[in-house]
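*Asks:* Model the following, please.
(one chain, ligands or ions: 2)
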Amino acid sequence: MVNDKPTVALTLGDPAGIGSELIAKLLSHRQVLEQANVVLVGDEWLWQRGQTIAGVQVELQPIVSLAEARAQAGGRPLFLAVDSVHPEEVEVGTARASGGASVLKVLDLCLAAVRDRQIDAICFAPLNKHAMKQAGMPFEDELHYFADYLNVDGFFCEFNTLGGLWTSRISSHVPLKDVPLYLEKGRIKQASQLIYRSLQAAGVAEPRVAVAALNPHGGDGGVCGREEIDIIAPAVEELNAEGVPVHGPFPADTIFLKARAGEYDAIVTMYHDQGQIAIKLLGFERGVTVQGGLPVPITTPAHGTAYDIAGQNRANVEATLQAFHIACRMGAAYRAEANC
Ligand SMILES: NC(=O)C1=CN([C@@H]2O[C@H](COP(=O)(O)OP(=O)(O)OC[C@H]3O[C@@H](n4cnc5c(N)ncnc54)[C@H](O)[C@@H]3O)[C@@H](O)[C@H]2O)C=CC1
Ligand SMILES: NCC(=O)COP(=O)(O)O
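*Replies:* Ligands and ions are numbered 1, 2, ... in the order given. Below you'll find the model as predicted:
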């Protein structure tokens, strides 16, 4: 029987990491089933292993295709079993091509289903970019893979969220030495516009967005680098002139203090660790990554595969729970948009 809840696909992530134990813990939370029709997509043996590690037992209802997820939803979480990797191909705590290929196979199924509106959102357990590259993924990360799969031609970037604070990025999973190559006025404007509009769509009428500088002390008048003067400040000025009121550039080592004090809703960061170190220090257990700029909702915890603790039942499930909550909210909006 079809109900009003969003239908959210969960995946087990990289089979050598903490994903399967996290999803077992997640599905043992009663509130999860109240929020959404959940469909787990993954290998049966890996799901069993996750439950054993987590010390939980959750009854699932098998389905044979994501096309039946909506109609079958109602009671227990649904389970679409796939054959993506075998136990002997997995060494816990080690990145392998077999693990990367498994992740890609499962994600492909989910991407097609969310694109075709058979489901409303994806929340994936941590994957491993090294393993995915070993499996032949030709992109810098999964976000580029998703964008390619979904034929996205606009700007996209990861958003990292912690409660009410969001970040977007000019550059992401690239070597630090290449970061300046990404520092273009156009990209800064697009990353600012994307987070501004996304916050508005999420109900923040007038988002307060700050743009971080690149260099120490915001370049210190040009003696510590000129990107602020030549690129970032002109981008901010143009944005303001075009009706996107963002502020900055601000020295990156202190702007998060202002955000923590509640002065900003979002910070546009110039590179991965500039935002992630701050966000993870502010709340490692609660951080979520939202795949920004895609036409479909996809979320994941901000932490990774944690190979060092995989299989030990030490993985904290809180960030996965938060990622699931956000997937539910975004999935409900995605579904409502289709019904308009
Ligand atoms: N959601 C996703 O798919 C993400 C995937 N990654 C990928 O994960 C892989 C490993 O990345 P790392 O930089 O080593 O970061 P990581 O987050 O996997 O691990 C960093 C440290 O945090 C700890 N940790 C992580 N999650 C935890 C949890 N839930 N509970 C308790 N402790 C936890 C780990 O034990 C480790 O000591 C990389 O391939 C990266 O690309 C990274 C971030 C997000
Ligand atoms: N898989 C999501 C992801 O990698 C996001 O986290 P981060 O690497 O951007 O920190």
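
*Asks:* Phe146: what's it in contact with?
*Replies:* Leu107, Leu111, Val152, Gln291, Leu294, Ile298 (CB atoms under 8 Å, 6 or more residues apart in numbering). C-beta here means a position set from N, CA and C on the backbone, and glycine is covered the same way.

*Asks:* Secondary structure class of the nearest residue to the last one once chain neighbours are set aside, three-state.
*Replies:* Going back to what we said before, that points to Ile298. Once its chain neighbours are removed from consideration, Ile298 has its nearest residue in Gln291; the separation is 4.2 Å (CB to CB, 6 or more residues apart in numbering). Using DSSP: H, G, I helix; E, B strand; the rest coil as the criterion, the local structure at Gln291 reads strand.

*Asks:* So which residues of the protein form helices?
*Replies:* Secondary structure of the chain (DSSP state H): helices located at 19-27, 30-35, 44-54, 69-72, 97-115, 129-134, 142-149, 179-182, 185-201, 227, 233-241, 252-260, 272-283, 318-339.

*Asks:* any idea which of those is most buried?
*Replies:* Each of these was given a mean neighbour count from mean count of other CB atoms under 10 Å, and the largest, a mean of 28, is that of helix 19-27.

*Asks:* Please list the residues of the protein that sit near ligand 1.
*Replies:* 126-130, 289, 300-306, 308-309, 315-316 (CB under 6 Å from any ligand atom).

*Asks:* Kindly give a single PyMOL line that selects the buried subset of these.
*Replies:* A single PyMOL command selects the buried members of the residues of the chain next to ligand 1 (16 or more other CB atoms under 10 Å):
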select buried, resi 126+127+128+129+130+289+300+301+302+303+304+305+306+315+316
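
*Asks:* how many neighbours does the residue nearest to Ser28 when sequence neighbours are not counted have?
*Replies:* Distances taken as CB to CB, 6+ apart put Val56 closest to Ser28, at 4.2 Å, once the chain neighbours are dropped. Per other CB atoms under 10 Å, the neighbour tally for Val56 reads 15.

*Asks:* surely Val56 meets His29?
*Replies:* No: between Val56 and His29 there is no contact under CB atoms under 8 Å: 9.8 Å.

*Asks:* How about the residue of the stretch 201-340 of the chain found nearest ligand 1, nearest residue that isn't a chain neighbour?
*Replies:* Among the residues of the stretch 201-340 of the chain, Gly304 lies nearest to ligand 1; the distance is 2.2 Å by CB to the nearest ligand atom. Distance criterion CB to CB, 6+ apart; nearest residue to Gly304, sequence neighbours excluded, is Pro126 at 4.9 Å.
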